[in-house]
Every structure is written in structure tokens, then in C-alpha cells.
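Engineer: predicted model, plus sequence, below.
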Amino acid sequence: MLDLSAFPRLALSHGPTPLEPMARLSAHLGGPNLWIKRDDCTGLATGGNKTRKLEFLIAEAVAEGADMVVTHGAVQSNHVRQTAAAACRAGLDCHGLLERRVPDAGDAYDNSGNVFLDQMFGATLEYRAAGLDMNAETVRVVETLRAAGRRPYFIPGGGSNVIGALGYVVCAEELLTQAAAMDLKIDWIVMGTGSTGTQAGLVAGLHALNAAVPVMGVSVRREKPVQIAAVHSLAEKTAAAIGADALPVEKIRVDDGYIGAGYGLPADSTIEAVMLAARQEGILLDPVYTGKGFAGMVGMVRQGFFKATDNVVFLHTGGATALFAYEAFFSDQIQPA
Ligand SMILES: *Cc1c(COP(=O)(O)O)cnc(C)c1O
């Protein structure tokens, strides 16, 4: 058991999230035994991976006497939506900076999906053009708010710092406990990776628990060497914070073959993966993160990467709320009424 009692934590998540077989998809692909860890079912405001991070981040904000949280993301950020909801739960205000990372994305992209929910939770929003250093932009806003007498708590993009990554240390232990109770030996974990906190926390947790389960992060944005370095940097710090040994860079695995044209832009393989999960398993993925992560897993199956007897767990990190902002990308897939 890992002792995280030194870190304040606020219960936000419905856990443990289910670990379920994907029997029809496994048969359809003729591949290994595919499983899914349902972190889309964390329960907070349509769920997703940011809930686990926010249990530690919002608790720290409260412990420090903050009266508001300030964070950032893309316009259709799942992180900003979950942060806005968590802030409501804790009685804090939420201010978000949204980066226009996807050009000419249309009215639904600008106003539906996560943006609609941000506003439902009463978050105040401001916008930035693409390509700025958004953490630096947000820190500037935090300083202005502090000078005006507010007590803002800064949450980096995706909630990806050591405190946020602790949420996925918790998930590592939860998953191992669940698998042990089911007599399941997990051979691989596959997931989408973006701002790095999820993979870093998961790998640090597995490492601290001496579990030799490899994790493949499918990049949604950055090239492999850059993403490996970024995940490793945070995983090392997270391992140190929980008293684990040094974490070798070999434990950070990234595949950058499923990014397509860039962040927030679904590739053909993303669309195919979203449709496969929907029609084989009745599961909603998202067009920005889990669609790319799932496409990576499907691609690995087709390339013969896994043994037929392997148990492969896909970590579903949520995000389906963004589907409503991306409907136009699916028009070829869906029969008109
Ligand atoms: C943020 C997010 C991710 C990526 O997690 P990181 O910790 O940022 O790498 C994956 N899936 C969904 C749905 C997300 O919102």
C-alpha cells in the first residue's frame, strides 16, 4: 500500500471505476484479450481523468485558503470543464483561459460540448490565440487577480504537476488491486497522453508498487522524443514525492503514429476508432484524446505487437462531451434520419 496521507485529498470521484472486458472488440480484431478501465466513469460532470487529479489539486487549493482556481486548456478542454465542476463542489470560483488551438473549428466547437458546460458551472472564460506559452499567460492572470485582492490557486494545463499526478498514482494501485481480485495478469496498459500527468502518475505508481506492467502512451500532440522527456520529467518528480526509487526513462513508452494533422484534429484512424468502440462495445470515446489512444491500441493489435494470450487494458480517460463539438467530423459515418 502506498501512503499518500501527507497530501490533502477531496473525494470527487466515484471509485473504483470499472475494469471490464471488451469481448466483442477482441473477437472482431482477432487479437489479444482487450479490457477497458472506465475512468470515463469517474462521475464528476460527465467524468474523465481530470477528476482524479483534481481530488489532490482542489484539496491543496482549499488547504491554502484559496477563494478561486485559475487554469487553462484548449477551447474544448475536458480539464477546464472538470475543474469548473470541482470548483463548484468546493465553493470556489473558477477562471479559465481557453487557447484557440483548432483553427476555424466552427460554431459547435466554439460554443457546445465542454464550453457549454464550463458556462453552466459558472466559470468565467477568456481566450488566447494559439501558440502562446499558456502556463505563463495563466500565471500572469493569477498575479493580476492577486494584486486585486483575490486568493487564486493556479492549476497548470491538464492539471499536470506532481500534485495532480498523484491522482494516477492512486489509479495504479486501484487497477492492480482490481486485477488481483479478478485473477487477471495485465500484460500491457495503453492510453492517450497529452499534458503528461496521467501517464506520469500511472507509471510512477506502478513503479512504486514494483509492478512490471508496461504502459504505452499514444501521443495526441507531440513527437515521441519530446513526449517521452516530458512524461519522464514529471514521473521522476512524482516518484520522488511518494518516496519511490529513481524512475528509469526506459519505463516511459510513447507511440506518436496516431496524431494526424495535430492536436484537436481527428485523423482517419481516430474516427475509425471512435466508431469501432461505439459499434462493437457501446462505448463513447472522444475525438481528441481517447480516439487517438484507442486507434493506437487497434494499430498495435493489427501490427501483431501483442501475443494472442496477452491481457491489454485500455485506460479510458473520458472526453466524450467533446463529441457534440465535433459532430461534423462524423457526418460520413452516420446515416441521416
Ligand atoms: C486531458 C485528457 C487526456 C490526457 O491526459 P494528460 O494527463 O493530459 O496526458 C486524455 N484523455 C482525455 C479525455 C483528457 O481530457
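Structural biologist: Sure, I can see it.
Engineer: centre of the chain to the lowest-mean-pLDDT helix or strand in the chain, how far?
Structural biologist: Scoring the helices and strands of the chain by mean pLDDT, DSSP states H and E places helix 107-111 at the bottom, with a mean of 94. Mean-position distance between helix 107-111 and its chain equals 22 Å (C-alpha atoms, centre = their mean, to the nearest Å).
Engineer: one more: stretch 246-266?
Structural biologist: 13 Å.
Engineer: how about that stretch and the ligand, any contact?
Structural biologist: No. Stretch 246-266 does not reach the ligand (C-beta under 6 Å from any ligand atom); its nearest approach is 10.8 Å. Backbone N, C-alpha and C define where each C-beta goes, glycine included.
Engineer: residues from the chain in reach of the ligand?
Structural biologist: Counting by C-beta under 6 Å from any ligand atom, the chain sits next to the ligand at 48-49, 78-79, 158, 160, 192-199, 286, 289-290, 317-319.
Engineer: from the residues you listed, which land in strands?
Structural biologist: Mapping those onto strands (DSSP state E) picks out 192, 193.
Engineer: the stretch 201-337 of the chain: strands as residue ranges?
Structural biologist: Along the stretch 201-337 of the chain, the segments classed as strands by DSSP state E, counting those that start in this stretch run 215-219, 253-255, 311-316.
Engineer: tabulate the ones you listed in TSV, adding columns for mean pLDDT.
Structural biologist: Formatted as TSV, the strands of the stretch 201-337 of the chain follow (pLDDT from 0 to 100):
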stretch	mean pLDDT
strand 215-219	99
strand 253-255	98
strand 311-316	99
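Engineer: reformat these as CSV; add mean neighbour count.
Structural biologist: Below are the strands of the stretch 201-337 of the chain laid out as CSV (neighbours: other C-beta atoms under 10 Å):
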stretch, mean neighbour count
strand 215-219, 25
strand 253-255, 22
strand 311-316, 26
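Engineer: circling back: got the buried residues for the least confident helix or strand of the chain?
Structural biologist: 108, 109, 110 (16 or more other C-beta atoms under 10 Å).
Engineer: which ones are touching the nearest residue to the second one once chain neighbours are set aside?
Structural biologist: Going back to what we said before, that points to residue 109. Leaving out its chain neighbours, the residue that sits closest to residue 109 by C-beta to C-beta, 6 or more residues apart in numbering is residue 325, at 4.7 Å. Taking C-beta atoms under 8 Å, 6 or more residues apart in numbering, we find residue 325 in contact with 76, 105, 108, 109, 112, 113, 114, 115.
Engineer: how close does the nearest residue to residue 260 once chain neighbours are set aside get to the ligand?
Structural biologist: Of all residues not flanking residue 260 in the chain, residue 267 sits nearest, at 2.7 Å (C-beta to C-beta, 6+ apart). Using C-beta to the nearest ligand atom, to the nearest Å, residue 267 is found at 16 Å from the ligand.
Engineer: so what's the residue count around residue 267?
Structural biologist: 18 (other C-beta atoms under 10 Å).
Engineer: from what I can see it touches residue 273, true?
Structural biologist: No. Judged on C-beta atoms under 8 Å, residue 267 makes no contact with residue 273 at a distance of 9.2 Å.
Engineer: which neighbours do the two share?
Structural biologist: 292, 295.
Engineer: pretty sure residue 71 sits in a strand.
Structural biologist: Yes. Counting by DSSP: H, G, I helix; E, B strand; the rest coil, residue 71 is located in a strand.
Engineer: residues contacting it?
Structural biologist: Residue 71 neighbours (C-beta under 8 Å, 6+ apart): 79-80, 83, 94-97, 138, 154-157, 159.
Engineer: out of everything not next to it in sequence, what's closest to residue 206?
Structural biologist: Per C-beta to C-beta, 6+ apart, closest to residue 206 is residue 172, 4.8 Å.
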